[in-house]
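When you get a sec, could you give me coordinates for this:
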Amino acid sequence: MPGMGLSLAPALRYPESMTSMVTPLPNAEWPYLEILVRLALALSLGLLLGLERERRGKEAGLRTFGFIALLGALGGSLGENYALLSLLLAAGLAVPLNVHTLRAGVGPELTTSAAMLVTCMAGILCGLGHTVTPAAVMVSTTALLAWKERLSGLSMGLSEGEVRSALLLAILAIVIYPALPTGAVGPWHLIEPRAAWVTVILIASIGFVNYILWKLYGSKGSELSAFFGGLVNSNFTVVEMATRVRETQGRFAEGAYRAVLVAVAAMVMRNGVLLLILTPLAFVNAAAAFLLMVAGAAGFVLLSLLHRRGIAADDVSDIKLELPFSLPVALRYGLLFLALHVVGRLMQREFGESGFYLVTIVGGLLSSASAVAAAASMAAQGAIGFDVAANGAVLASLTSLAFSLSFIVRTGHPKLIARLALAMIAIAAFGGLGIMVRELVAPLVIRLLPPGG
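Residues are numbered from 1 along each chain as shown. From the prediction side, this is the model:
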């Protein structure tokens, strides 16, 4: 029969009328390599989550979740109806699992059942050809399961004010943002409400996430606590360290020295990430300066640790940070950002780059994050060049660094003041060196680019 790929022996010939009645069956062949990759990804993700369940001694473990992921991948590859069928089959597997645990007096396995459905859905996405989405979903799900105790401890340890902070942040992002007008408003079209609000939400979100990290890991030591505290509010962290030095009559001076440098490095890293998110091209211009500043601070901390090797660490309490987010904080961020943005543009129009830099210095004294965000916003709107915005971001970070030193001066500890002053001058020099390196390298890069590139 033609088209069937079969060879019939001469003795098995059929009448022509009979062969004309035979209809070839449809045959669908998947590209071997493509379907293999999809199934392999689904199996890997299922095994990842199953490994976590297996380690916890659950009934549904490594093999079960691997099979569920493969089931979803096959269903997604076959089409929508089969995908729904595979999801129903995965849900059916959760029924005997819960019946067994209930009979054993353990209680329902709701978390494992939900994880089985998520695994099947991720497998369906793999079968449909998705890669990043199912991988992100499964990694996040595995992390939620693995961090059960830590997340439970965090939720039980949250105060009412911290919960209100999280709800307020969600309201600002989900409820208020869509209601704001689009485009520039005002007589000179200097204010873009949505752009300003996005910046406020971004700064607040970074601070809130860092606050949660500080809650989780801040008790591991003064340096780690200072790092997360510096990500939230570097000036507040430095004030806390200065207070400790005064309370311990200088016994905490060495620990405060390292903690302040760590907080400064965290502040620089936060400003760099903020600039990268808002205006990547401006970050490229400031990357060398930010990296050298962080490396300089890390170098001084490392030297201090090597010098203090073998000496018992100071017994200190944790940093006590204020609430991560509140309505006054939101209004302060928003008003400060708008003021810096508007005044910065007006000063840039009247006095050029020097006027912008002056506003940036003042903004760095109040909030380096807001000053960096304002510079990034102006660069995104074309009011200033990306290199000027980068210079402004570095300048705001240096201003905040100098402002932090003023709190250390109040400790009255001459040796600590001298050491930190020397270290911060060196860090500022590293930042200036980074700007100089960019100015030297930029013309060479432009020459190497093809014409019109």
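
all contacts plus neighbour counts: C-alpha atoms, from now on.
Fine.

ok, and the closest non-adjacent residue to residue 279?
In space, residue 279 comes closest to residue 376 once its chain neighbours are excluded; the distance is 5.6 Å by C-alpha to C-alpha, 6 or more residues apart in numbering.

list the contacts for that neighbour?
If a contact means C-alpha atoms under 8 Å, 6 or more residues apart in numbering, then residue 376 has 275, 278, 279, 282, 389 as its contacts.

The third one and residue 386, how far apart?
Okay, so that is residue 279. Between residue 279 and residue 386 the distance is 8 Å, computed by C-alpha to C-alpha, to the nearest Å.

hey, what's in contact with both of these two?
When contacts are counted by C-alpha under 8 Å, 6+ apart, residue 279 and residue 386 are jointly contacted by residue 379.

and residue 71, what pLDDT?
Among the per-residue scores, residue 71 shows a pLDDT of 93.

pretty sure it contacts residue 85?
No: with the criterion set as C-alpha atoms under 8 Å, residue 71 and residue 85 do not qualify as a contacting pair; they are 9.6 Å apart.

For those two, indicate the residue with more neighbours.
Between residue 71 and residue 85, counted using other C-alpha atoms under 10 Å, the more crowded position is residue 71 (28 against 15).

Ignoring the adjacent residues along the chain, who's closest to that one?
Of all residues not flanking residue 71 in the chain, residue 86 sits nearest, at 6.1 Å (C-alpha to C-alpha, 6+ apart).

Tell me how many other residues surround that neighbour.
Residues lying near residue 86 (other C-alpha under 10 Å) number 26.

And the helix or strand where residue 422 lies, what does it pack against?
In this structure, residue 422 sits in helix 414-448 according to DSSP states H and E. In terms of contacts (3 or more C-alpha pairs under 8 Å, 6 or more residues apart in numbering; DSSP states H and E), helix 414-448 is packed against helix 253-278, helix 280-307, helix 386-409.

is it true that residue 71 lies in a helix?
Yes: assignment of residue 71 by DSSP: H, G, I helix; E, B strand; the rest coil places it within a helix.

So, low pLDDT: which residues of the stretch 101-250 of the chain?
107, 149-165, 169, 177, 182-192, 194-196, 198-200, 202-223, 225, 232 (pLDDT under 70).

Let me see the ranges of the helices in it.
In the stretch 101-250 of the chain, helices defined by DSSP state H, counting those that start in this stretch lie at 110-127, 132-146, 148-157, 160-171, 177-179, 193-217, 222-247, listed in chain order.

Pretty sure the residue nearest to residue 71 sits against residue 69.
No: no contact is recorded between residue 86 and residue 69 when judged using C-alpha under 8 Å, the distance being 9.7 Å.

quick one: common contacting residues for the two?
Taking C-alpha under 8 Å, 6+ apart as the contact criterion, the residues that touch both residue 86 and residue 69 are residue 120.

Quick check: residue 263 vs residue 233, distance?
Using C-alpha to C-alpha, we find residue 263 at a distance of 9 Å from residue 233.

Find the nearest non-adjacent residue to residue 397, please.
When the adjacent residues along the chain are set aside, residue 397 lies closest to residue 368, with 5.9 Å between them (C-alpha to C-alpha, 6+ apart).

I figured that neighbour hits residue 395, correct?
No: look at residue 368 against residue 395 with C-alpha under 8 Å: they stay out of range, at 9.1 Å.

out of the two, which sits in the busier spot?
The neighbour comparison of residue 368 against residue 395 (other C-alpha under 10 Å) goes to residue 368, with 29 against 24.

so what's the more buried one up against?
Counting by C-alpha under 8 Å, 6+ apart, the residues that residue 368 touches are 271, 393, 396, 397, 399, 400.

Next one: the third one from residue 75, what distance?
The span separating residue 396 from residue 75 equals 55 Å under the rule C-alpha to C-alpha.

got it, and the fourth one?
Taking C-alpha to C-alpha as the measure, residue 397 and residue 75 are separated by 53 Å.

Between the two, point out the one with more neighbours.
Under the neighbour definition other C-alpha under 10 Å, residue 397 and residue 75 were set side by side, and residue 397 has more, 33 against 26.

My guess is that one contacts residue 271. True?
Yes: at 7.4 Å, residue 397 counts as touching residue 271 under the criterion of C-alpha under 8 Å.

Residue 268 against residue 295, yeah?
No: counting by C-alpha under 8 Å, residue 295 is not a contact partner of residue 268; they are 10.6 Å apart.

neighbour-wise, which of these two wins?
Set side by side, residue 268 and residue 295 show more neighbours around residue 268, with 30 against 15, by other C-alpha under 10 Å.
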